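A.B. asks: Build me a model:
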Amino acid sequence: MSRGEASGPFRVGDRVQLTGPKGRMHTITLEPGKVFHSHKGTIAHDEIIGLPDGSVVANAVGVEYLALRPLLSDFVMSMPRGAAIVYPKDAVQILAQADIFPGSTVVEAGVGSGALSLWLLRAIGPGGRLMSFERREEFADVARGNVATFHGEDPANWSITLGDLAEALPQQAEPASVDRVVLDMLAPWECIDVVSTALKPGGVVLCYVATATQLSRVAEAIRATGWYTEPVANETMVRGWHVQGLAVRPDHRMIAHTGFLLTARRLAPDTVLPELKRRPSKTEFSDEDVEAWTPGALGERNVSDKVLRKRARAADAAARSSRGDTGADPTTDPADAD
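C.D. replies: Next up is the predicted model:
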């Protein structure tokens, strides 16, 4: 059982989420003799070790904190970030729509900050294999640190390959050996050919893109191969509700658009998909169309090298603390890395 899946009383090395009276959350890694400090007082780690999950502990001045092991969704929302993360509402849809199953072989590109990698590793289980690809070494470093922090170790069934998927995938995966492919990248249409070679017949490719222009182009690229079922696209929006007695109403804010999901399934060799009847649509692209899909036009946001190095150090320190290495500050809240 990995650290992220632990249960029972709190043990040395466990990550614990302390929630104060105003809802402020702090995440610590338990270590004998250490002390959690906040402006409201201190709590000795020894007072938490051995308590059941879901206990309330008071600090030195009597302020009470709820102690819980962080859920995976809590962890990914507070961990250091090199690139924007895949939010939990999209991650769970990716697992469902791509049908990620225990023991499957999954390819992921790019790895970002490791949020989706954590969800995929949980879904495939120890018998599966996750091959992640990332072009930027700084992002890969942050992802490695975050995954090791959550699991307490480097998962044996996970690898990160630096480089472009179009060049690296053929060297890592035999033809028709991959069950699922998840593409979280700016231009997934550039990798459809190598993905098609790696996927097993019946396998699923899922593309996670931010804009309608990206969605259009990758859908047309998949259709043009003639190797897939008709692409299916959607987005997920989550609206919370306030429920207190008879005061039941929607929250004033909601998590709306974060990205589009597009899925298609690989056909068997030499299979011709029956032609679908549809209205004529624009399938050719002008120079203006192509310009609209460039990184600048798509609003790609870059994180400075300085910030990336800082976040990589924070992720590495948290990982070393989770593994039990000395020299890391286990009371540092990754959410405060910036």
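A.B. asks: and the helix or strand containing Leu261, what other elements does it pack with?
C.D. replies: Under the criterion of DSSP states H and E, Leu261 resides in strand 260-265. Applying 3 or more C-beta pairs under 8 Å, 6 or more residues apart in numbering; DSSP states H and E, one finds that strand 260-265 contacts helix 88-97, strand 199-209, helix 212-225, strand 232-235. Placement of C-beta: from N, CA and C, glycine included.
A.B. asks: Can you list the strands that the second one pairs with?
C.D. replies: Based on DSSP bridges, the pairing partners of strand 199-209 within the sheet are strand 178-183 (parallel), strand 260-265 (antiparallel).
A.B. asks: Tell me what angle it forms with helix 88-97.
C.D. replies: 160 degrees (axes from the mean of the first three to the mean of the last three C-alpha atoms, to 10 degrees).
A.B. asks: where's strand 199-209 relative to the chain centroid, distance-wise?
C.D. replies: Here the centre of strand 199-209 is set off from its chain's centre by 17 Å, with C-alpha atoms, centre = their mean, to the nearest Å.
A.B. asks: May I see the buried residues of that strand?
C.D. replies: Under the neighbour-count criterion of 16 or more other C-beta atoms under 10 Å, strand 199-209 has 199, 203-209 buried.
A.B. asks: residues touching Val178, list them.
C.D. replies: 105-107, 131, 198-200, 203 (C-beta atoms under 8 Å, 6 or more residues apart in numbering).
A.B. asks: Domain parsing of the chain, as residue ranges.
C.D. replies: Per automatic domain parsing, the structural domains of the chain span 1-70, 74-291.
A.B. asks: you'd agree Phe150 is up against Leu118?
C.D. replies: Yes. Phe150 is in contact with Leu118 according to C-beta atoms under 8 Å; the separation is 5.8 Å.
A.B. asks: which one of the contacts of Val178 sits closest to Val56?
C.D. replies: Taking C-beta to C-beta as the measure, Val56 lies nearest Val106 of those, at 39.6 Å.
A.B. asks: Spatially nearest residue to that closest one, not counting backbone neighbours?
C.D. replies: Arg180 (4.7 Å; C-beta to C-beta, 6 or more residues apart in numbering).
A.B. asks: pretty sure that neighbour is in contact with Ala96, am I right?
C.D. replies: No. Assessed by C-beta under 8 Å, Arg180 is found out of contact with Ala96, at 11.9 Å.
A.B. asks: Neighbour count for those two, which is higher?
C.D. replies: The neighbour comparison of Arg180 against Ala96 (other C-beta atoms under 10 Å) goes to Arg180, with 27 against 11.
A.B. asks: Quick check: the gap between that one and Glu137.
C.D. replies: Distance of Arg180 to Glu137, given as C-beta to C-beta, to the nearest Å: 25 Å.
A.B. asks: Gly240 looks like it's in a strand, true?
C.D. replies: Yes. Assignment of Gly240 by DSSP: H, G, I helix; E, B strand; the rest coil places it within a strand.
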